[in-house]
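# Model the structure of this input:
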Amino acid sequence: MTITGTLQEGVEGNCVLLKTPDRLYQLICGDRSKLKRNASSKVTVTGRIALGMMTTCQQGTPFQVTDVRPG
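Model (predicted):
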């Protein structure tokens, strides 16, 4: 699955979110340097939704990232 959106910081430390027009994703794994570049950067991520995964971020649908590109 490939999605494009705007990076946001989560309310909990070290939580990175991707906001799309219809959904909020919590980004897991992937190249953290590309995900922390700028809190309002547009990026395109590839990966899969990780339903059932326990997280501490308490925001967004968990999305396991395998690739990150500028959006």
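# All the helices of the chain, in order from the start?
32-35 (DSSP state H).
# any weak-confidence spans in it?
Judged by pLDDT under 70, the chain has its weakly predicted residues at 36-40.
# rerun that using 90 as the cut-off
Scanning the chain with the threshold set as pLDDT under 90 gives 8-16, 28-41, 51-58, 69-71.
# Distance-wise, check the spatially most central residue of it relative to residue 54.
Computing the C-alpha centroid of the chain and ranking residues by CA atoms, centre = their mean puts residue 27 first, at 2.8 Å. Distance, residue 27 to residue 54, by CB to CB, to the nearest Å: 16 Å. Where C-beta positions appear, they are placed from N, C-alpha and C, glycine not excepted.
# Look up how far residue 50 lies from the residue nearest to the centre of the chain.
Relative to residue 50, residue 27 is positioned 10 Å away (CB to CB).
# Please apply the same query to residue 70.
Residue 70 sits 23 Å away from residue 50 when distances are taken as CB to CB.
# With residue 5 instead?
Using CB to CB, residue 5 is found at 17 Å from residue 50.
# So for these two, which sits in the more crowded spot?
Neighbour count, other CB atoms under 10 Å: between residue 5 and residue 50, residue 5 has more, with 21 against 17.
# Need the outlier residue of this protein, farthest from its centre.
Residue distances from the centre of the chain (CA atoms, centre = their mean) peak at residue 52, which lies 16.3 Å from the mean C-alpha position.
# Show me which residues of the longest strand anywhere in the chain are buried.
In the chain, ranked by residue count with DSSP state E as the criterion, the top strand is strand 61-70. By neighbour count, with 16 or more other CB atoms under 10 Å as the criterion, the buried positions of strand 61-70 are 62, 63, 64, 65, 68.
# Tell me where this structure has strands.
According to DSSP E, the chain carries its strands in the segments 2-9, 16-19, 24-29, 42-49, 61-70.
# Next, format those strands as CSV and append distance to residue 35.
Shown next, in CSV, are the strands of the chain (distance: least, CB to CB, whole Å):
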stretch, distance to residue 35
strand 2-9, 7
strand 16-19, 5
strand 24-29, 6
strand 42-49, 7
strand 61-70, 6
